Each structure stands twice: as structure tokens, then as C-alpha cells.
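A.B. asks: Please find the sequence and the predicted model below.
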Amino acid sequence: MRNVNAASLVVKATAAGIPLILAVYWPLYAINTDLLAMALRPVMLVAALVMGVCLMGQPLTRAEFSLIKLFGLMALTLLVTSIAADDPMTALAEWFKLVLIQLFALLMVRALRHGPTAQTLGKWMALASVFIGLYIVYVYLHMMGPVLPTYTSARALKGLAEKQNVPLNTIPFAAIVSYLCAVCILPMTRWLWAAGIFLVIVGSTLTGSRAILGVGLITAIVLLALSWIRSADISKRVFGWIMLMAGVVGVLAVMIFLNSRAITAFTEGRWDLWRAASQKFLERPLMGYGFLSWKDDLVSRLPGEYKLTRSLSEHIAGGYHNEYMTALAEQGVVGASVVFTLYFFLVRTGWKLAFNKSHTWTGGKWALFAGLFLTLRANVEIPGLFGSFQEPADYLAYILLAVIISRMSYEEDYVRAATQVQRSSAIAWAMQNRPRSKPTPIQTACEPALGAD
């Protein structure tokens, strides 16, 4: 019993340490970027190994088995495209890093099937998200002073911060995904609602990034439309379909009727990056050019007539700023297909948690929101489920995936245990209430004699 308690304490401490490490990463990032990035990978893998040991003897759930099969298919497919890359050594190194982070996710899934461990992780993820939000406030006050933010000043701050190794695109994402990990585990409270509002305000006003607010609003609208589609009210179902179709038509109309200059300005230069990715994909559509191949010729593929594009090309740090376009350009149709499958698997699992009856959890809508948020954000940024940069953003994306899959596994564990209890109760009842056998003639003849004795 002492050993069990000690092991439980170690696992809980590790569950608390992972969010803490990912939170303090950003204040330390500007001090020594290379050393910190190099140290993060082994630290996170060891932490996941410690946590994964706690349920190593438990049988695999269907959700875990599905994730293992998907990761295995993804690893095999991307291995083939990496061998066929222009620079196989670089591609294989990035492939290996992606395999390691997926191993990290599998270990996290098993650990989070343990209720107390999941609760500990959720609480510390919530605290980590607030810590990152406060760090954003500190960066703003340190660089801009106590003045009210405007979009122009926030954009200026963003450029100034990047020169000092403070990436104000990635840091708000880390705060939001940490928060989503927490609300996918913990019941919603006033404190959690207040923390979420704080993070949205800070991330959308003090960083010069519109992605947090924009992607968050679009995700909420899509979730509302999907909820209405599932409604028993026919009017809500019709209106839900209208909302989704209107969104698709709106995106197509923007792409058809707006000129490239307008779209480039609206997307802050990303449109030119996406066009460069599509050109590269069309040159080698089957297998792509391999991981990190965007570094070879991205700047030369960008148009030079726009000031925004020239500025963007000087500060490129995330490839094509689109996980799907990056997958197509680097891995071709063969590799991109498994990347798309991973996102589909994430959203489908969130869908099941949101709309199927659950015995263990009432936060299914948050799981679907989180899955949709990652899927939609992948259109405008690179760190996430496909990114192999091994920064906190990538680890947080995979932790969120692990949290969502673990909720499905936790439900399966509960149903399995309940079924075993019901079966045991039924057997015990049957044993107690089994019909007595008819006495044989010899027993009948002996009974009076036994009674006389």
C-alpha cells in the first residue's frame, strides 16, 4: 500500500509538472532558445513515461487501439514520403521527432484514464493558462507601458516582440489550448469562465493577432450550427444547415470575387504563402518535397510587389502558416491524406463525446469545441498536430488530443466495470435463487428415519 501511494504521488506530481514546464517555457525562451528547445523533448518524454506506467497493465480500450492504428499508419506513410524527400536526412529527423511526440500522446492517453491524475492535470492546466495570460500582460506593459492598446500599437508590439524572441502568435495559442485541456477535464465553474474571458481578451487585444478571436468565434458558430442540426426541432435543424452552407458559400465568394491583393492584406500575407505551397504541391503532387522543404525556396516563390509580403518574408518562422497546405507541399497526397485523417478522427471523437450519452462526463461539447478549434486554426498557423517543431504549442495540441481520447477511454472503462458488476450480481442472484432439485426416492424414504434419529 505504501508503494502504491508513493507511485500515485509521483504520477500526480508529474501531471502537475507538465503544465508548469510548458508555462514557464515562454519566459525562459528569450534567454537561450536553442538550449531550451533541445531540453524540452527529453523532459516531456520522460514525464510521459512516468505517467504512462500507472496504467500499463490495463487492457487497451477501443479508442486507444484506434489511435494506435492511426499513429502507426501515419508513421509508416510519412516514413515513405520522408525517404523519397529531396533531403532524406532532414526529413527523417523530423519524422522521428513526430513519432516521439505521438508516443508521448499515447502514454498521456493511458495515464489520463486514471481519474485523480486527469484531475491534477486539469487543475494545473488551468493555472498554466492563466500564468501564460499574465505573461502576455507583462510583455505588453514592459514594451508598451501602461497605455490602452489599439490594433496598430499591438501590431507594432508583435514585431518588436518577435525581434526579442517573444512569439506573440504562438503564446496566446498555448494559453488557449492549456485552458481547453482544463475544461475538457474539469467541471465548469465561475472561476474557469472568468479565466477563459480573461485569456480571450488578453490574447486578442494585447498581441496584435486576430487568430484567437477569429478562430474562436468561427468555432463557436460551427458548434452552434452542429448542435442545431442534431436538435429535434425541425426549424433549428434547417437553420443549422443554412448557417453551415452560408459559411461555405461565403468563403468561396471571397476567394472568387476578391483580388489577390485584397485577400493578401486580409490574411496578413498568408495568401501568398498558401499560393506558394499550392505551386510546390502541383510540381510534385504524389510524395511532396519532404519535411522542412519550405526553407529551400519559399522566399523566392513569394511575389515581391507587396510591402506586406516583403516584410513577411523577412520574418518567416512557420513555413506556409497552414498545416494542410504544408502537408500537401511537403508530403504530397500520400502523406497529407493521413494528416487529414488525424484531424477527422479528432473531430469525430469530439462529436461522439458531445452528442452520445455519457455516464462519466458532461463536458462533451467542450471536447468538440476543442477539436474544431484545432482543426480550424490549422488553416492559419503551423504549430499543432502536424508540426514537428516540438515547441509547447505542438505538445499542447497532442495533450489536448490525448485528453479527448482519454475521455472516451474513461467512458469505456466505466461501462466495462459496470457490465462486470452487473454480471457478477446476476450470477450471485442466480446462485441464491436457483431452484432446488426434486428429492430422489431414496432421499424421500430416508427423511422420516433421519427425522426419527
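C.D. replies: Noted; the coordinates are in hand. Numbering: from 1, shown residues only.
A.B. asks: quick one, helices of the stretch 1-150 of the chain?
C.D. replies: 2-29, 33-52, 62-83, 88-111, 115-144 (DSSP state H, counting those that start in this stretch).
A.B. asks: Any buried residues in the second one, and which?
C.D. replies: Buried positions in helix 33-52, judged by neighbour count with 16 or more other Cβ atoms under 10 Å: 36, 40, 44, 47-48, 50-52. C-betas here are computed from N, CA, C, even on glycine.
A.B. asks: same deal with the first one?
C.D. replies: The neighbour-count check on helix 2-29 (16+ other Cβ under 10 Å) flags 11-12, 14-19, 21-26, 29 as buried.
A.B. asks: Now do it: which elements does it pack against?
C.D. replies: Applying 3 or more Cβ pairs under 8 Å, 6 or more residues apart in numbering; DSSP states H and E, we find helix 2-29 packed against helix 33-52, helix 115-144, helix 170-183, helix 392-432.
A.B. asks: ok now do residue 320, which residues does it touch?
C.D. replies: Each residue near residue 320 by Cβ atoms under 8 Å, 6 or more residues apart in numbering is listed here: 273-274, 276-277, 294, 298, 326, 329, 382.
A.B. asks: Residue 375: what's it in contact with?
C.D. replies: Listed by Cβ under 8 Å, 6+ apart, the contact set of residue 375 reads 343, 346-347.
A.B. asks: sorry, back to before: so which of the helices of the stretch 1-150 of the chain is nearest residue 396?
C.D. replies: Closest approach to residue 396 among those (Cβ to Cβ): helix 2-29, 6.3 Å.
A.B. asks: Show me how far that closest one is from its chain's centre.
C.D. replies: 19 Å (Cα atoms, centre = their mean, to the nearest Å).
A.B. asks: mean confidence for that helix?
C.D. replies: The predicted model assigns helix 2-29 a mean pLDDT of 82.
A.B. asks: quick one: it to helix 170-183, angle?
C.D. replies: Using axes from the mean of the first three to the mean of the last three Cα atoms, to 10 degrees, one finds that helix 2-29 and helix 170-183 are set 160 degrees apart in direction.
A.B. asks: what about stretch 284-298, start to end distance?
C.D. replies: Stretch 284-298 has an end-to-end distance of 15 Å (Cα to Cα, to the nearest Å).
A.B. asks: And the contacts of that stretch?
C.D. replies: 80-82, 84-88, 90-91, 93-95, 273, 276-277, 280-281, 313, 316, 319-320, 326, 328-336, 388.
A.B. asks: list the buried ones in that stretch?
C.D. replies: 284, 287-294, 298.
A.B. asks: thinking again about what came up before, report the buried members of the contacts of stretch 284-298.
C.D. replies: 81-82, 84-85, 87, 90-91, 94-95, 273, 276-277, 280-281, 313, 316, 319-320, 326, 328-332, 334-336, 388.
A.B. asks: just to revisit the earlier point, most neighbours of all the contacts of residue 375, which one?
C.D. replies: residue 346 (25 neighbours; other Cβ atoms under 10 Å).
A.B. asks: Okay, now the unreliable bits of the stretch 251-400 of the chain?
C.D. replies: Counting by pLDDT under 70, the stretch 251-400 of the chain contains low-confidence residues at 304-318, 387-390.
A.B. asks: redo that, cut-off 80
C.D. replies: Within the stretch 251-400 of the chain, the ranges that satisfy pLDDT under 80 run 254-262, 264-269, 297-319, 358-363, 383, 386-390.
A.B. asks: cool, and the stretch 1-150 of the chain?
C.D. replies: In the stretch 1-150 of the chain, residues with pLDDT under 80: 1-8, 29-38, 52-58, 147-150.
A.B. asks: quick one on the thing from earlier: tell me which of the helices and strands packed on helix 2-29 is the most buried.
C.D. replies: helix 170-183 (a mean of 26; mean count of other Cβ atoms under 10 Å).
A.B. asks: Which strands or helices does it pack on?
C.D. replies: The helices and strands touching helix 170-183, judged by 3+ Cβ pairs under 8 Å, 6+ apart, are helix 2-29, helix 115-144, helix 190-205, helix 211-229, helix 364-377, helix 392-432.
A.B. asks: can you tell which of these is closest to residue 69?
C.D. replies: Nearest of those (Cβ to Cβ): helix 392-432, 12.4 Å.
A.B. asks: Tell me the one of the contacts of residue 375 nearest residue 218?
C.D. replies: Proximity of those to residue 218 (Cβ to Cβ) peaks at residue 347, which lies at 14.1 Å.
A.B. asks: quick one: the closest one from residue 14, how far?
C.D. replies: 29 Å (Cβ to Cβ, to the nearest Å).
A.B. asks: Tell me how many other residues crowd residue 303.
C.D. replies: 14.
A.B. asks: now it, what's its secondary structure?
C.D. replies: Here residue 303 is coil, with the state taken from DSSP: H, G, I helix; E, B strand; the rest coil.
A.B. asks: State whether residue 67 and residue 406 are indeed in contact, as I suppose.
C.D. replies: No: applying Cβ atoms under 8 Å, one finds residue 67 not in contact with residue 406, separated by 10.0 Å.
A.B. asks: how about the closest residue to residue 290 other than its chain neighbours, phi and psi?
C.D. replies: With sequence-adjacent residues excluded and distances taken as Cβ to Cβ, 6 or more residues apart in numbering, residue 290 is closest to residue 85, at 2.3 Å. Dihedral pair for residue 85: phi -70, psi 160, per degrees, to the nearest 10.
A.B. asks: Next: residue 285.
C.D. replies: The phi/psi pair for residue 285 (degrees, to the nearest 10) is phi -70, psi -20.
A.B. asks: how close does it sit to residue 247?
C.D. replies: For residue 285 relative to residue 247 (Cβ to Cβ), the value is 28 Å.
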